[in-house]
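Colleague: Next come a sequence and a model predicted from it.
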Amino acid sequence: EDLWGMRPERVSLYGTHLRDQLRDEKRKELSRLEVASVATIGIWFETILMQMLVRHAYHNDPTTLHVQYAYTEIADECRHTVMFAKMVRKLGWEAHRLDPVTFHLGRVFKAIAHGPLIFAGALFVEEVLDQLQREAVPDEQILPLVRAVARIHVTEEARHMRYAREEFQRDWPERGALNKAYSRIVLGLVTYYSATRLINPKVYEQVGLDPKEAQRVARGNP
């Protein structure tokens with residue numbers, strides 16, 4: 001309990017008056033809960049990604065290497081989801097259902113996303129997780145469990161992100177102007193709803209803060 005879940009300056013309330021009100025152990029607890037909250041969003045998106053990759057493979061030739069790698073990535077993401085879920089439970093957090101708008105937009109996105117959107121969406125969300133995790137791996141003030149999960153995920157996601165970039169670069173030039181405009185709009189929605197749901201307000205409530213006030217302060221934190 002004397003270790004952090006993420007670097008202190010990455011906690012959403014860092015530098016605010018609400019953080020100053022928390023005792024040191026509560027600050028560390030909040031950091032662990034925020035890592036767990038981010039991991040649940042990771043689970044949500046990786047579950048969407050697995051479904052999109054299955055559809056991608058369904059519509060393409062399974063004897064080609066890039067489709068076979070899609071199947072490989074599906075298997076990797078499945079293991080990542082189990083790993084994140086076990087970490088979330090260890091960190092004292094529960095997977096709370098997303099707000100109805102985000103939850104149903106996720107269902108729509110996985111049903112309508114085509115090649116460029118699949119891989120651009122994956123790149124955006126994975127880059128956010130990747131940045132946090134690369135910082136965690138060498139940092140000895142962070143829980144060994146979190147660092148171990150980060151090390152595994154960073155190593156495997158390096159392959160996935162390269163795959164996503166190459167697939168995107170291969171597919172994007174083939175799309176017409178209308179298709180590209182549609183992709184940009186939908187990707188904008190995906191990035192907004194993913195980035196603004198990383199920290200569930202219930203984490204603040206669990207450390208004794210008013211969740212609405214804390215969310216407002218966190219959103220306005222420079």
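Modeller: Looks like it came in fine. On a predicted model such as this, the values are computed, not experimentally measured, just so you know.
Colleague: I figured residue 212 hits residue 218, correct?
Modeller: No. Applying CB atoms under 8 Å, one finds residue 212 not in contact with residue 218, separated by 10.9 Å. Yep, even glycine has a C-beta here, placed from its N, CA and C like the rest.
Colleague: Need the mean per-residue confidence for the biggest helix by length in the chain.
Modeller: Secondary structure of the chain per DSSP state H: the longest helix is helix 24-58. Looking at helix 24-58 alone, the average pLDDT works out to 93.
Colleague: Any buried residues in it, and which?
Modeller: Residues 27-46, 48-53, 55-57 are the ones in helix 24-58 that count as buried (16 or more other CB atoms under 10 Å).
Colleague: now for it, which elements pack on it?
Modeller: With contacts taken as 3 or more CB pairs under 8 Å, 6 or more residues apart in numbering; DSSP states H and E, helix 24-58 sits against helix 65-90, helix 100-112, helix 115-136, helix 202-206.
Colleague: Distance to residue 23, mean neighbour count and mean pLDDT for those helices - can I get that in TSV?
Modeller: Listed next are these as TSV, based on distance: least, CB to CB, whole Å; neighbours: other CB atoms under 10 Å; pLDDT from 0 to 100:
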stretch	distance to residue 23	mean neighbour count	mean pLDDT
helix 65-90	22	16	93
helix 100-112	32	14	87
helix 115-136	23	20	88
helix 202-206	14	19	95
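Colleague: among the ones you listed, which is nearest residue 15?
Modeller: Closest approach to residue 15 among those (CB to CB): helix 202-206, 15.6 Å.
Colleague: and the angle from the helix or strand following that closest one to helix 24-58?
Modeller: Moving toward the C-terminus from helix 202-206, the next helix or strand (DSSP states H and E) is helix 211-219. In terms of direction (axes from the mean of the first three to the mean of the last three CA atoms, to 10 degrees), helix 211-219 departs from helix 24-58 by 80 degrees.
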